[in-house]
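Asks: output the structure for:
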Amino acid sequence: MRILVIGATGATGLEVVKQGLAAGHTITAFVRNPRRMTLTDTKLRVIRGDATNVSDLTAAMKGQDAVIVTLGPKSMKDMNQLTAITTRSIVAAMQQAGVQRIILMSSFVALRSQLKFGTKLAARTVMKGMVNDKLSGEQLLRDSELAWTVVYPTKLTDEAKTGKYRVVGAHERLGMSNSIARAEVAAAMLTLLADHTAVRKAVAITAH
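Replies: Down below sits the predicted model:
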C-alpha cells in the first residue's frame, strides 16, 4: 500500500514510518523539516510541506492509497487549533487528489463521556482548548465523504512494542492511569487501514 504519513517526524509518526516500511508499504513522509527524518529506505520518500497548505498536501497525495495523520502540538497555540486547521486542509487535498482512506490520531481526552472524574474535569478546564480543537477537526472528517477512522489512544508512552493492546469498550471509563506505547498506536493504525469494518468509525485503544 502507498501511504502518506503526515507528522512523520514526530515520535508516533516515526513509528508509523518504521513499521510501515517493515511491513512492505511504500511510505511518503510529509514533513516541515526533512532533516528531522532519521530513517532511510528505498521505499521511503520524504516531501517537505506545510500541513495547512492545500497545494502542498495535494501534490504529496497524488498516487497515494491512504493517509495517516499523527500530528501533535508543539506549542500552546498549536494545541488549541492544530487539528481543526490541518484537517480542513487535509480533507480538501484528499478530495482534490481523489484519495479516500484516512486514519486520524486523536486523543482519549476528546472522549468526554468516557472519562473518569479527574480527567473529565481537566478536559473541561485546562485541556478545554485542545479538546475543542480535536472535536472540531474530527467533525470535519465526519461531515466529509471520506473513508475515515479516528483513533483515540490513551496516554502515550515510549515503551517498546509488545503487540498487546486492546480496543476500549463503549462504557469503559478512562483516565491518566491508562496508557499505550506509541509503537502500539502505530501498529494499530496500520492494521486499521485495511479493516473495512473500521471505516467511518472511532476506535479507542489502550494497553493498560
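Asks: any regions of the chain where pLDDT drops low?
Replies: Within the chain, the segments meeting pLDDT under 70 span 74-79.
Asks: which residue ranges of it form helices?
Replies: Assigned by DSSP state H, the chain shows helices spanning 11-22, 54-61, 76-79, 82-97, 117-124, 128-142, 182-193.
Asks: so which elements touch the second one?
Replies: Using 3 or more C-beta pairs under 8 Å, 6 or more residues apart in numbering; DSSP states H and E as the contact criterion, the elements in contact with helix 54-61 are strand 2-6, strand 26-31, helix 82-97. (C-beta placed from N, C-alpha, C; glycine too.)
Asks: point out the most buried one among these.
Replies: The highest mean neighbour count among the helices and strands packed on helix 54-61, using mean count of other C-beta atoms under 10 Å, belongs to strand 2-6: a mean of 25.
Asks: about what we covered before: reformat the helices of the chain as a markdown table; add distance to residue 108.
Replies: Below are the helices of the chain laid out as a markdown table (distance: least, C-beta to C-beta, whole Å):
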| stretch | distance to residue 108 |
| --- | --- |
| helix 11-22 | 14 |
| helix 54-61 | 27 |
| helix 76-79 | 16 |
| helix 82-97 | 14 |
| helix 117-124 | 8 |
| helix 128-142 | 10 |
| helix 182-193 | 11 |
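Asks: in TSV: the helices and strands packed on helix 54-61, plus distance to residue 143.
Replies: What follows is the helices and strands packed on helix 54-61, written out as TSV (distance: least, C-beta to C-beta, whole Å):
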stretch	distance to residue 143
strand 2-6	19
strand 26-31	23
helix 82-97	9
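Asks: nearest to residue 65, of these?
Replies: strand 2-6 (4.7 Å; C-beta to C-beta).
Asks: paired strands for that closest one, with orientation please.
Replies: Sheet pairing here is set by DSSP bridges, and for strand 2-6 it gives strand 26-31 (parallel), strand 66-69 (parallel).
Asks: just so I know, which of those lies nearest residue 198?
Replies: strand 66-69 (12.2 Å).
Asks: fine by me, thanks again.
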